[in-house]
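>>> I would like to see how this sequence folds:
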Amino acid sequence: MSTTFTMRLGEGQKTLISQYAAIHGQSMAEFVLNSALDVIEDATDIRDWKAAKEAFDKNPVTHSNAGIMREFGVQ
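Have a look, this model is predicted:
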């Protein structure tokens, strides 16, 4: 299911976004949607990295590639 989203832009902003999207072979709608999803993905990646870093800082155990391969019988 799709829905319509309306956004108010200044004429200069609309022109800038429209021209940039066209250069990259996208409609304005595709460009704005992809840009928003990229920002969300980046924020999610940073959140997940911070959580993993915090967990590692609490228990800084590392494993060698060779050790992991032995553990799983891959050689």
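
>>> Going by neighbour count, which residues in the strand or helix carrying Lys50 are buried?
Using DSSP states H and E, Lys50 maps to helix 28-58. Residues of helix 28-58 classed as buried by neighbour count (16 or more other C-beta atoms under 10 Å): Met28, Phe31, Val32. All C-beta spots, glycine's among them, are computed from the backbone N, C-alpha and C.

>>> What mean pLDDT does the helix or strand just after it get?
The C-terminal neighbour of helix 28-58 among helices and strands, as given by DSSP H and E, is helix 65-71. For helix 65-71, the mean pLDDT works out to 94.

>>> How far does helix 65-71 sit from its chain's centre?
31 Å (C-alpha atoms, centre = their mean, to the nearest Å).

>>> Stretch 66-75 now?
What separates the centre of stretch 66-75 from the centre of its chain is 32 Å, taken as C-alpha atoms, centre = their mean.

>>> same thing with stretch 28-36?
13 Å.

>>> elements contacting the helix or strand of the chain with the lowest mean pLDDT?
Every helix and strand of the chain was ranked by mean pLDDT, DSSP states H and E. The lowest is helix 65-71, at a mean of 94. If you count contacts as 3 or more C-beta pairs under 8 Å, 6 or more residues apart in numbering; DSSP states H and E, helix 65-71 packs onto no helix or strand.
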